[in-house]
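> Here is my input; please provide its structure:
(one chain, ligands or ions: 2)
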Amino acid sequence: MNNPYAFREIGIGHYPLGIYDVGDKRVEDLMKLGDENLKSKLLYVHIPFCQSICPFCPYPKAIHNEGVKYNYLTALMREIDLYAQQPHISVNNIEAIYFGGGTPSILTESEIEALFKKLKDALNIETVEEITFEGNPASFTREKVKLLKSLGVNRISLGVQTFNDELGERLGLIQKEKNSVDAIEWCKKEGIDNISIDLMYNLPGQTVEEWVEDIEKVAAYGIHHVSLFPLKVIPVFKLFKLIQAGEVSPCGSLEFEEELFETAATMLEDEGYKPESTYDFVLPGKEHLYSRKHFRGFMDILALGMGAFGEINGCVYQNVMSITEYMGKVSSSQLPVVKWYQVTEKDLPNRYLTMGFRLLEVDRLDFFNKFGVDPEIKFKEIFEKLYSNGLLEAVGQKIRLTKRKGVFWGNNICKEFCIEIFRNAFPK
Ligand SMILES: C[S@@+](CC[C@H](N)C(=O)[O-])C[C@H]1O[C@@H](n2cnc3c(N)ncnc32)[C@H](O)[C@@H]1O
Ligand code: SF4
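Numbers count the residues shown, from 1 in each chain. Ligands and ions are numbered 1, 2, ... in the order given. Next up is the predicted model:
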């Protein structure tokens, strides 16, 4: 098969990225905190703890420990206070919230209540449209789901990974199919409007039949939204070493991965799901609002917690990755920001396309109205290459990733529009 790229890129969640060290600069000045400009925002809250660390996972995380968790939550509340001292942050409304991880569901009911109370007291979340709470199926209980619903959570995202317990064991997962099925049932019974699951594919030794069984369960269990992640075996993590040592089977080839993707996409579309992004399929009406407001609306994000990425008043920033440093900085009343970059007018066309293609299509007229030039003229060579490789198609005013090939290579297409200094900052 003639592949347009040697490997598939990881999705770009934020563009541009904070590439400069904060150093001695005052974060409050970089973010122009104190600016009276009222602007709606998104809110991201990172809860890093996991009951057990999966041997393949690159996300900012920490092993669960009651004492550290207590100190982290204390620091998180302090970080909320530091931002809330700025009137325009405490007053302006938050349109959507995402609790990501790690494993937010590891929090106890009283910790969840305390965190929500703090957010409600310090920020304006009265008119929030969507609150997503992420977690591992093994750490949800019916009582927790009931509490989350009562606090306004209307979307739960479960890191199922696979319903197949044998594959799960090979991957070192703690959750079993029963945990996932129970968590889904509790979400349904407690009236959570939008249930999302993560499934990974091209797992060590996984067959097409095993993948088909996982995908059949998406519709059978009444899931509204599914993210399909090809397993990335990253050299520094334990799974890579286990595969190298022959203790775990290797993953399939790129061609096999494409076959798995096409099989899933066809099956999901037959069940009424629509492709929503380079990773996601969704039932109509259950689109992920946070993602739309971020990738298409470029809304500011107030990002809290270790390793979180945000943007305030044109300053993109990243919080420190180490949990100890995070807690140290916040306890001495400093914002835990370590990297920053001021977005310029020049970055905007690249950002529009890098982030826009994540949601599969961009609007040529909207681009022209914003930047005074047709995207295919401004980025002539890139577009010519993508069209000639069969990765993009023009449909009326829209430029779209082609149905299977373009979506399969979607994250590579997004990366085409990144300029060099940011391109090198992304994980491979
Ligand atoms: C930030 S994690 C949070 C989910 C939650 N902690 C859980 O696992 O139950 C988001 C998702 O990234 C995916 N993921 C993690 N490591 C991956 C890897 N090496 N390759 C591909 N996807 C990965 C998993 O599907 C995971 O659910
Ligand atoms: S996949 Fe989820 S549960 Fe596993 S280590 Fe990563 S964040 Fe934690």
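> Show the residue spans covered by the strands in the stretch 101-250 of the chain.
For the stretch 101-250 of the chain, the strands defined by DSSP state E, counting those that start in this stretch occupy 130-135, 155-161, 194-201, 225-230.
> list the helices and strands the third one packs on?
When you say that, I think you mean strand 194-201. strand 155-161, helix 177-189, helix 208-220, strand 225-230, helix 254-270 (3 or more C-beta pairs under 8 Å, 6 or more residues apart in numbering; DSSP states H and E). Every C-beta, even on glycine, is put in place using the N, C-alpha and C of the backbone.
> what ranges do the helices span in the stretch 51-200 of the chain?
Assigned by DSSP state H, counting those that start in this stretch, the stretch 51-200 of the chain shows helices spanning 66-84, 87-91, 109-122, 142-150, 165-171, 177-189.
> worst average pLDDT in the ones you listed?
For the helices of the stretch 51-200 of the chain, mean pLDDT drops lowest on helix 87-91, to a mean of 82.
> ok, now how distant is the closest residue to ligand 2 within the stretch 151-300 of the chain from ligand 1?
The minimum distance from the stretch 151-300 of the chain to ligand 2, using C-beta to the nearest ligand atom, falls at Gly159 (4.9 Å). Between Gly159 and ligand 1 the distance is 2 Å, computed by C-beta to the nearest ligand atom, to the nearest Å.
> Pull the contacting residues for that residue.
Applying C-beta atoms under 8 Å, 6 or more residues apart in numbering to Gly159 gives the contacts 103, 134-137, 175, 197-198.
> What of Val233?
Contacts for Val233 were tallied using C-beta under 8 Å, 6+ apart; they are 56, 239-240, 243, 251.
> With Gln318 instead?
17-18, 307-310, 337-340.
> Pretty sure it sits in a strand.
Yes - using DSSP: H, G, I helix; E, B strand; the rest coil, the secondary structure at Gln318 is a strand.
> Residues in a beta bridge with it, which ones?
Note on Gln318: beta-bridge partners by DSSP bridges are Phe309, Lys339.
> on that earlier part again, need the max-distance pair from the contacts of Gly159.
Longest distance between any two of the contacts of Gly159 is 14.5 Å, between Thr103 and Ile197; criterion C-beta to C-beta.
> about what we covered before: nearest to ligand 2, of the helices of the stretch 51-200 of the chain?
helix 165-171 (9.2 Å).
> what does the closest one rub up against?
Here helix 165-171 makes contact (C-beta under 8 Å, 6+ apart) with 54-56, 161-162, 175-177, 200, 203-206, 210, 239, 248-249.
> related to what we said a few turns ago, can I get the contacts of Val233 in CSV with pLDDT, distance to Arg404 and neighbour count?
Formatted as CSV, the contacts of Val233 follow (pLDDT from 0 to 100; distance: C-beta to C-beta, whole Å; neighbours: other C-beta atoms under 10 Å):
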residue, pLDDT, distance to Arg404, neighbour count
Phe56, 95, 26, 22
Leu239, 95, 28, 24
Phe240, 95, 29, 16
Ile243, 95, 28, 16
Cys251, 97, 20, 20
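> circling back: rebuild the helices of the stretch 51-200 of the chain as a markdown table, extending it with mean neighbour count.
Putting these into a markdown table (neighbours: other C-beta atoms under 10 Å) gives the following:
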| stretch | mean neighbour count |
| --- | --- |
| helix 66-84 | 17 |
| helix 87-91 | 16 |
| helix 109-122 | 16 |
| helix 142-150 | 18 |
| helix 165-171 | 17 |
| helix 177-189 | 18 |
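> Tell me which of the ones you listed lies nearest to Glu257.
Nearest to Glu257 among the helices of the stretch 51-200 of the chain is helix 165-171; the distance by C-beta to C-beta comes to 15.3 Å.
> Most tightly packed of the helices and strands packed on strand 194-201?
Highest mean neighbour count among the helices and strands packed on strand 194-201 (mean count of other C-beta atoms under 10 Å): strand 155-161, with a mean of 26.
> average model confidence for it?
98.
> quick one, it and helix 177-189 angle?
Interaxial angle of strand 155-161 relative to helix 177-189 (axes from the mean of the first three to the mean of the last three C-alpha atoms, to 10 degrees): 170 degrees.
> and Gly305, what does it touch?
44-48, 76, 79, 319, 326.
> Most neighbours among those residues, please name it.
Greatest neighbour count in the contacts of Gly305, by other C-beta atoms under 10 Å, goes to Ile47: 29 neighbours.
> Give the bridge partners for it, please.
Taking DSSP bridges as the rule, Ile47 bridges to Gly101.
> Which pLDDT value belongs to it?
Note for Ile47: predicted pLDDT of 97.
> switch to numbering from 37
With the count now opening at 37, the last piece we talked about shows up as Ile83.
> can you pull the contacts of it?
Counting by C-beta under 8 Å, 6+ apart, Ile83 touches 135-140, 142-143, 341.
> can you do 10 Å?
Contacts of Ile83 were listed using C-beta atoms under 10 Å, 6 or more residues apart in numbering, and they are 97-98, 105, 108-109, 112, 135-143, 147-148, 151, 169-171, 340-342.
> of all the contacts of Val269, which comes closest to ligand 1?
Phe92 (4.0 Å).
> Once you drop chain neighbours, what's closest to the closest one?
Of all residues not flanking Phe92 in the chain, Leu275 sits nearest, at 4.2 Å (C-beta to C-beta, 6 or more residues apart in numbering).
> Confirm for me that Lys253 is in contact with Leu304.
No - between Lys253 and Leu304 there is no contact under C-beta atoms under 10 Å: 11.6 Å.
> Which residues are in contact with each of these two?
Common contact partners of Lys253 and Leu304 (C-beta under 10 Å, 6+ apart): 259, 262.
> of all the contacts of Gly341, which two lie farthest apart?
Tyr80 and Tyr362 (14.6 Å).
> Determine the set of other helices and strands touching the lowest-mean-pLDDT helix or strand in the chain.
Ranked by mean pLDDT, DSSP states H and E, the helix or strand of the chain with the weakest confidence is helix 123-127, at a mean of 82. Helix 123-127 sits against helix 102-120, helix 145-158, with contacts defined as 3 or more C-beta pairs under 10 Å, 6 or more residues apart in numbering; DSSP states H and E.
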